[in-house]
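1. sequence? don't have it. structure:
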């Protein structure tokens, strides 16, 4: 099963993606998370265990001193199986450790924080 979410609120440059990567990996889900230009974050998570995906759906609604999720557009669909792990999809110029050269292709998956 595939869970897709578009998350709005204070969710960029506050550690939200790293937190979601940790949660997804702890649950054994695959997929990706990325910042969108409109300020939202897109999440795709896949897994065979519907209970874990439903728990993940609840867990992404974070409200604390740094992160504040104001709304989530959610949908479910059949899994595609295109992911081997869960990681961040980053764009050129995104502030992350990217390896020895420091260069990123236009888009690349990063699994580490």
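-> Looks like it arrived, so ask away. It should be emphasised that the depicted structure is a prediction, and the values quoted were computed from it without experimental measurement.

2. let me see the mean pLDDT of stretch 21-29.
-> Model confidence over stretch 21-29, given as mean pLDDT, is 97.

3. which residues of this protein fall in strands?
-> Secondary structure of the chain (DSSP state E): strands at 2-10, 30-35, 41-46, 68-77, 86-91, 107-110.

4. residue 72: how many residues sit nearby?
-> 17 (other Cβ atoms under 10 Å). Bear in mind the C-beta positions are built from the backbone N, C-alpha and C, glycine included.

5. so what's residue 4 up against?
-> Under the criterion of Cβ atoms under 8 Å, 6 or more residues apart in numbering, the neighbours of residue 4 are 42-44, 74-77.

6. what is the most widely separated pair among these?
-> Between any two of those, the greatest separation by Cβ to Cβ is 15.1 Å, found for 42 and 76.

7. isn't residue 60 right up against residue 23?
-> Yes - between residue 60 and residue 23 there is a contact under Cβ atoms under 8 Å: 7.4 Å.

8. between these two, who's got more neighbours?
-> More neighbours surround residue 60 than the other of residue 60 and residue 23, with 22 against 17 (other Cβ under 10 Å).

9. list the residues that contact the more buried one.
-> Each residue near residue 60 by Cβ under 8 Å, 6+ apart is listed here: 5, 7, 20, 23, 43, 69, 72.

10. re the thing from before, so which of the strands of the chain gets nearest residue 53?
-> Among those, the nearest to residue 53 by Cβ to Cβ is strand 2-10 (5.0 Å).

11. that closest one: which residues count as buried?
-> When burial is assessed from 16 or more other Cβ atoms under 10 Å, strand 2-10 yields the following buried residues: 2-3, 5, 7-10.

12. quick one: strands adjacent to that strand?
-> Strand 2-10 has these partner strands in its sheet, going by DSSP bridges: strand 41-46 (antiparallel), strand 68-77 (antiparallel).
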